[in-house]
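Undergrad: everything below, folded, please.
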Amino acid sequence: MTAPLVNFNHLLDIPEAELMRAAQATFKLGIAFENWKDVGQSYFPSFGGALAQDSLRA
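TA: Have a look, this model is predicted:
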């Protein structure tokens, strides 16, 4: 979940673990874009925190 959603759920007193279980949700670290600029090149921007180092792979 994103930080704004975590904050919103906290304001509504919705426990994160309970919501994740009920929604059968998963955590996502980023999005992989295949063939980003050229065929065979991918781009994986991570979401926030210590993992926020975007990477380009050829």
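Undergrad: please make it C-alpha for all contacts and neighbour counts, starting now.
TA: Will do.
Undergrad: tell me, what residue is most central in the chain?
TA: Averaging the C-alpha coordinates of the chain gives a centre point, and the residue nearest to it by CA atoms, centre = their mean is K28 (3.6 Å).
Undergrad: tell me how far that one lies from M20.
TA: As defined by CA to CA, to the nearest Å, K28 lies at a distance of 12 Å from M20.
Undergrad: repeat that for G30.
TA: Computed as CA to CA, the G30 to M20 distance reads 18 Å.
Undergrad: the strands in the protein, which residues?
TA: Taking DSSP state E to define them, one finds strands in the chain at 33-34, 42-44, 55-57.
Undergrad: what about D13, neighbour count?
TA: Each residue near D13 was counted by other CA atoms under 10 Å, and the total is 9.
Undergrad: so who does it touch?
TA: If you count contacts by CA atoms under 8 Å, 6 or more residues apart in numbering, D13 has none.
Undergrad: number of nearby residues for E18?
TA: By other CA under 10 Å, neighbour count at E18 equals 10.
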